[in-house]
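**Student:** Quick one: sequence plus predicted model below, questions after.
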Amino acid sequence: MGSFGVVIFVFLPFILLALMILLAGKPQPAVASGQSIYQQLGGEAAVNAAVDIFYRKVLKDARISHFFAGVDMDKQAAKQKAFLTMAFGGPHKYTGEDMRRGHAHLVKQGLNDSHFDAVMEHLGGTLKELNVPGHLIAQCAAIAESTRKDVLGK
Ligand code: HEM
């Protein structure tokens, strides 16, 4: 056997083993490329679960629950599901008002940054409760945050 043969038969298994160990230990990309946030969250079932938990928290929070007095919460949850589905890159089925018009009457009732912050807190808390990974929560929060000016009529 020539020296090349020795390299192949003696060292190759070690080289392969070292490669396997290296690859196995390498952090995998946290986000499967090309998937929308909606898909990464778990699609319709996950968004539905999140919105239900979210509104339970909102209605229990005395800082903001008064804004929802007299609101049909089944309809509201359905609109929110459709809106977030669209905002997170899922199917576009939202037919409600844009964020500025949809909250204009609430701005007249005093809706401000502190209320928006409370909503953001509940959104984050909900996703955390559903064991959504931190990097995805951050992306969802950024999308929700991007509506702040419109929601608050600024
Ligand atoms: C991330 C920010 C927010 C998003 C994405 C959002 C989303 C929505 C959507 C999609 C609607 C339905 C609009 C329509 O009638 O067609 C809505 C309505 C409403 N939102 Fe928000 N909202 C946000 C922030 C807030 C905040 C901070 C409050 C108050 C604390 C609030 C309270 C309400 C209420 C009370 C309604 C129902 C209005 C009514 O039917 O009279 N929202 N929101």
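**Tutor:** All right, it came through fine. Computed from a predicted structure; not experimentally measured.
**Student:** Now do the contacts for the residue in the chain positioned nearest to the ligand.
**Tutor:** In the chain, the residue that lies nearest the ligand is G96 (2.6 Å; C-beta to the nearest ligand atom). Any C-beta I mention is one placed from the backbone N, CA and C, and that applies to glycine too. By C-beta atoms under 8 Å, 6 or more residues apart in numbering, the contact list for G96 reads 79, 82-83, 102.
**Student:** and the ligand, which of those contact it?
**Tutor:** Subset of the contacts of G96 in contact with the ligand: 79, 83, 102, counting by C-beta under 6 Å from any ligand atom.
**Student:** quick one: average pLDDT of the strand or helix carrying the second one?
**Tutor:** When secondary structure is defined using DSSP states H and E, the element that contains F83 is helix 73-87. When pLDDT is averaged along helix 73-87, the result is 98.
**Student:** what helices or strands is it leaning on?
**Tutor:** Where contact means 3 or more C-beta pairs under 8 Å, 6 or more residues apart in numbering; DSSP states H and E, helix 73-87 is packed against helix 43-60.
**Student:** Contacts for the helix it packs on next, please.
**Tutor:** For helix 43-60, contacts defined as C-beta under 8 Å, 6+ apart pick out 38, 41, 64-65, 68, 73, 76-77, 80-81, 84-85, 88, 90, 119, 122-123, 125-127, 129-130.
**Student:** repeat that with 7 Å
**Tutor:** By C-beta atoms under 7 Å, 6 or more residues apart in numbering, the surrounding residues in contact with helix 43-60 are 38, 41, 64-65, 68, 73, 77, 80-81, 84-85, 119, 122-123, 125-127, 129-130.
**Student:** Of the ones next to the ligand among the contacts of G96 - the most surrounded one?
**Tutor:** Using other C-beta atoms under 10 Å as the neighbour criterion, F83 leads these with 21 neighbours.
**Student:** What residue, apart from its backbone neighbours, is nearest that one spatially?
**Tutor:** Leaving aside its chain neighbours, F83 sits nearest to Y94 (4.9 Å; criterion: C-beta to C-beta, 6 or more residues apart in numbering).
**Student:** Please apply the same query to H115.
**Tutor:** Using C-beta to C-beta, 6+ apart, the closest residue to H115 is I64 (5.1 Å).
**Student:** That neighbour and N112, how far apart?
**Tutor:** Note on I64: its distance to N112, by C-beta to C-beta, to the nearest Å, is 11 Å.
**Student:** Those two: which has the busier surroundings?
**Tutor:** Using other C-beta under 10 Å as the criterion, I64 and N112 rank with I64 on top: 21 against 12.
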